[in-house]
Each structure stands twice: as structure tokens, then as C-alpha cells.
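K.L.:
fold the following and give me the result.
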Amino acid sequence: MLSDRSDTAAVQAAAIRAGWPLPREAAVILISRENPVGEAMLSRLDSSCLLIRRRALHGAIVPDPVRPGRRQRLAQALRGAGAVVGHPVPLEHLPASVRIAEVAATLQRSGVLGEDPVFADEHLDAIIVHRDPRLLEALRRQALAPLAKQSPAVRGRLTDTLVSWLRHQGDRQAVAAELHIHPQTVRYRMTQLHDLFGPALDDPATRARLTLALAWGPAPADGNTPPAVS
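P.N.:
From the prediction side, this is the model:
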């Protein structure tokens, strides 16, 4: 089921031999091999779940994860395990779901996703944005080109302000509260940003690109490309 080369008939035959009723949908749970909470949780799973212990994958396949109450029970059981629950898919799409869960696990370890456990279907936007880190880096450098000549300290302050301004849709009081600065400081920084970006900062398409570039984590300040997510 986890192989792109899996055959539906072969999966059905194997399920019959194992006495495993094929579910309509399934999701994967991925945990760290070194996490005792996750290991204990895996040992308590009922027989409808299939354990995964191969290569870098460690966890389980959970059938029908969206049935009433199961999501809440998984969230409670996995708390503290540093786990990722993949998004529910038909069995034939499980390999793609595993790859998405692996990206989510990488983002959890890097701090982009802070939940524990992470449910991948709640963060598909962040997963899409970070799936190709080199492409994201290129977008960030392009979108933030007007800030390139600023000193690192100024660039950092203006970027933080820009992120908050985009998040709060221009509400200066909300920006000031989030950044713990005076509203006049927000006004001053936004004047700087408008001077640097020009009329583009008022363009909805430009704002959308900036949101895509910045909303899921800070832009790298050292000029290095982030590690690949695969």
C-alpha cells in the first residue's frame, strides 16, 4: 500500500489473507523512533491498525481516521509523541499521503509547525509552500528584493512588521500589539516599507506573493538555502 508500484488486486488479496477489512480511507501516523510516548501509543493500537517499521518510516496505517471520535482520541493519545497524522485518502493514494506526512514531520522538527501531534490536513497550505524549499527561497528573494540593501537589523525589523501587517490586513493597532511596539513606530516602519516597495505594496497580487513568501516562517537572513525537504 505504501509503494507507488502497489497493485490494487495484490493489496486486496493480501488483506484477505491477513483478515484485514479494507477501509474506504486510511491515514498514516509517523513518529520518531526515539520517542517513548509514540512507541507506547503504537503498542496500544487495536488490530485494525497496521504497524509500519521499514526504512525511515515508523508508525502505523490507521483505517477510517475521520470516523466520529477517532481524531480526538488520536490527538489525546499522541500528545507528546512528536507525531504526524497524514491526511485521510483512499488506499490507492496512500503513497502520496505518506510523502506529505513526511514533509509535515520535517516542518514539525524545524519548528514551522508547532502542534503536537500535527494533523497534516490542517496544514496543507504550509506543506505546499515548503515542499520545495529552493523554490520558496527563490520566491522570498524575489518578493523581498526591495529590502536587500538594508542592514540585517533593519531588514529584520521591517520584515517582522510586514509579516504582521499582512496578517492583520493593515490594522496598525493589531500590529503594534503583536510586535509590542508603539502604533507610531508601526506607522514609521510602514512609511519605510511603502518608500521601498512603492505602489506595489498596495497591489493585491503583490500582497498575495508576500503572504505566500512570509506567512509560514521568517525569510532566511544569512543568504543560505534551507535544507531540502523530501
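
K.L.:
so Leu136 touches His130, yeah?
P.N.:
Yes - Leu136 lies in contact with His130 (CB atoms under 8 Å); the separation is 6.2 Å. All C-beta atoms are positioned from the backbone trio N, CA, C, and that covers glycine.

K.L.:
neighbouring contacts of stretch 2-21?
P.N.:
1, 22, 28, 48, 50, 52, 54, 57, 61, 63, 91-92, 94-95, 98 (CB atoms under 8 Å, 6 or more residues apart in numbering).

K.L.:
from those, list the buried ones, please.
P.N.:
Met1, Val28, Leu50, Ile52, Ile61, Pro63, Leu91, Leu94, Pro95, Val98 (16 or more other CB atoms under 10 Å).

K.L.:
OK, contacts around the residue lying closest to the first one once chain neighbours are set aside?
P.N.:
Same thing as Met1. Spatially, and ignoring its direct neighbours in sequence, Met1 is nearest to Leu94 (5.0 Å; CB to CB, 6 or more residues apart in numbering). Under the criterion of CB under 8 Å, 6+ apart, the neighbours of Leu94 are Met1, Leu2, Ala26, Val28, Ile61.

K.L.:
state the pair within the residues you listed that is farthest apart.
P.N.:
The largest separation in the contacts of Leu94, counting by CB to CB, is between Leu2 and Ala26 at 10.5 Å.

K.L.:
ok, these two, which is more surrounded?
P.N.:
Between Leu2 and Ala26, counting by other CB atoms under 10 Å, Ala26 is the more crowded of the two (24 against 15).

K.L.:
so what's the more buried one bridging to?
P.N.:
With DSSP bridges as the criterion, Ala26 is bridged to Pro63, Val89.

K.L.:
doesn't Pro63 make contact with it?
P.N.:
Yes - shown here, Ala26 and Pro63 form a contact pair, counting by CB under 8 Å, at 5.1 Å.

K.L.:
where along the protein do the strands fall?
P.N.:
26-30, 50-54, 57-63, 84-85, 118-119 (DSSP state E).

K.L.:
please produce JSON lines containing those strands, extended by distance to Trp216 and mean pLDDT.
P.N.:
Putting the strands of the chain into JSON lines (distance: least, CB to CB, whole Å; pLDDT from 0 to 100) gives the following:
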{"stretch": "strand 26-30", "distance to Trp216": "20", "mean pLDDT": "91"}
{"stretch": "strand 50-54", "distance to Trp216": "27", "mean pLDDT": "83"}
{"stretch": "strand 57-63", "distance to Trp216": "24", "mean pLDDT": "87"}
{"stretch": "strand 84-85", "distance to Trp216": "16", "mean pLDDT": "92"}
{"stretch": "strand 118-119", "distance to Trp216": "13", "mean pLDDT": "93"}
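
K.L.:
just the contacts of Leu94 now: which is nearest Leu196?
P.N.:
Nearest to Leu196 out of the contacts of Leu94 is Val28 (CB to CB; 44.5 Å).

K.L.:
how about that closest one: what's its closest non-neighbour residue?
P.N.:
Gly86 (4.2 Å).

K.L.:
wait, isn't that neighbour in contact with Ala101?
P.N.:
Yes - shown here, Gly86 and Ala101 form a contact pair, counting by CB under 8 Å, at 3.6 Å.

K.L.:
mutual contacts of these two, please.
P.N.:
Val28, Leu30, Ala120.

K.L.:
just for this protein, where's the confidence low?
P.N.:
6, 217-230 (pLDDT under 70).

K.L.:
how about the helices in it?
P.N.:
8-18, 36-43, 70-78, 94-110, 124-130, 133-143, 152-167, 172-179, 183-197, 204-214 (DSSP state H).

K.L.:
alright, that wraps it up for me.
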